[in-house]
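> Build me a model from this:
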Amino acid sequence: MDAARRTGFSNTANPRHDAITDDDTVILKMAIAVAMTTEGCGQSELGEKLFKCVKERADKTVWGEDIDLKGLVLMVIVVCEFSIPVPR
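A predicted model of the protein is given here:
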């Protein structure tokens, strides 16, 4: 993170605009998690870790009063993650 701050990649004045946790990156992490889980036939350790990484943001989006387009995209991808069948 120190290198990110030094190079301007991370904005400490406004953490909402941090390049690592912005809305686009969260959506990308979820899309990768879904792809990895799908490729792993319903099981992917890295996919699960990526989901856990964005779970708090997804929870805030679900329970928030207003939702924007990116929040809606995030919700659709989260639903996709949960709808992947897990072999028994």
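
> ok, P85 - how many residues close by?
Neighbourhood size, P85 [other Cβ atoms under 10 Å]: 8. Glycine gets a C-beta too; all of them are placed from N, C-alpha and C.

> Check which helix or strand the residue sitting nearest the centre point of the chain maps to.
Centroid-nearest residue in the chain: V26, 3.3 Å away (criterion: Cα atoms, centre = their mean). Using DSSP states H and E, V26 maps to helix 23-39.

> and what of C53?
helix 45-63.

> just the angle between that helix and helix 23-39, please?
130 degrees (axes from the mean of the first three to the mean of the last three Cα atoms, to 10 degrees).

> Could you list the low-pLDDT ranges of this structure?
1, 4-5, 7-21, 86-88 (pLDDT under 70).

> and with 50 instead?
Residues of the chain meeting the criterion pLDDT under 50: none.

> I'd like the distance from the spatially closest residue to E81 that is not a sequence neighbour to F51, if you could.
In space, E81 comes closest to V34 once its chain neighbours are excluded; the distance is 5.1 Å by Cβ to Cβ, 6 or more residues apart in numbering. With distances taken as Cβ to Cβ, to the nearest Å, V34 is found 9 Å from F51.
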